[in-house]
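Engineer: Following is a predicted model, sequence given first.
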Amino acid sequence: MRADDEHLVGRCLQGDTDAYGLLVERYQGAVYATAHYYVGRYGSAEDVAQEALMEAYRSLPKLRDATRFGPWLKEVTCRTAANWLRRHGRRINSETPLPFRKRATIEDFREGPATRTERAETYERVQLAIDSLPERYRLPVMLRFLQELSYEEISAFTGDPVDEVRGLLQRAGRQLRELLADMNGESEGETTWHRVRK
């Protein structure tokens, strides 16, 4: 739990939209990763994330414990994604997610087509490996390695204790290394994993 989530929620309930903007800024990466986890498309995940954040704002008076805003927002996002899937069909696995918070650098523009293709193929292999993990590990992995959230940020969003998040990610990391090693050969599997974690 973030120390001031409760305070910001209180301000929102008094009509302070700037306070909700701060909550959105804090949790938007986690909401986007969760949306992508369920619907599996860039554009659709962005739509689901925006819809979830709007629904959370409308439903804020129903939140019973403001100290648990993050886990409540996660549930709102999951419901929003489930509703999207009912309207539009099953999850699409053809696109790999990009970090929501990543900012373009000059290096991104210097990359040639071959480098971009290699990076896309790498993320495709990692996404396949993530999809092979036990369900309990998948969302924390998406939040940590594709959105670059800290253990504390993941804990605030999922409601799991920080030590449990750390343990889940350590076990998931070991399984991902093994899965990627099976896909690519032992040394290449290690290289692929470390490349994605950078």
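Structural biologist: Sure thing, it's come through.
Engineer: Please report how far residue 136 lies from residue 170.
Structural biologist: For residue 136, the distance to residue 170 (CB to CB, to the nearest Å) stands at 13 Å. C-betas here are computed from N, CA, C, even on glycine.
Engineer: brain fart, residue 123
Structural biologist: 22 Å.
Engineer: Between those two, tell me which one has more neighbours.
Structural biologist: The residue with more neighbours, out of residue 123 and residue 170, is residue 123; 18 against 9, by other CB atoms under 10 Å.
Engineer: host element of that one?
Structural biologist: If you go by DSSP states H and E, residue 123 is part of helix 113-132.
Engineer: Next secondary structure after that helix?
Structural biologist: Of the helices and strands lying after helix 113-132 in sequence (DSSP H and E), the nearest is helix 135-141.
Engineer: Dump the C-alpha coordinates for that following helix into PDB.
Structural biologist: Provided in PDB are the C-alpha atoms of helix 135-141 (Å, rounded to 0.1, in the frame of the first residue of the first chain):
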ATOM      1  CA  GLU A 135      -0.900 -18.300 -14.000                       C
ATOM      2  CA  ARG A 136       0.100 -17.000 -10.500                       C
ATOM      3  CA  TYR A 137       3.400 -15.800 -11.900                       C
ATOM      4  CA  ARG A 138       2.300 -14.200 -15.200                       C
ATOM      5  CA  LEU A 139       1.000 -10.900 -14.100                       C
ATOM      6  CA  PRO A 140       3.800 -10.100 -11.600                       C
ATOM      7  CA  VAL A 141       6.300 -10.900 -14.400                       C
END
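Engineer: If you count neighbours, what's buried in that helix?
Structural biologist: 137, 139-141 (16 or more other CB atoms under 10 Å).
Engineer: Same list (those residues) but as JSON lines, adding pLDDT.
Structural biologist: Listed next are the buried residues of helix 135-141 as JSON lines, based on pLDDT from 0 to 100:
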{"residue": "137", "pLDDT": "91"}
{"residue": "139", "pLDDT": "91"}
{"residue": "140", "pLDDT": "93"}
{"residue": "141", "pLDDT": "91"}
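Engineer: for the residues you listed, which one is nearest residue 49?
Structural biologist: Nearest to residue 49 out of those is residue 139 (CB to CB; 14.0 Å).
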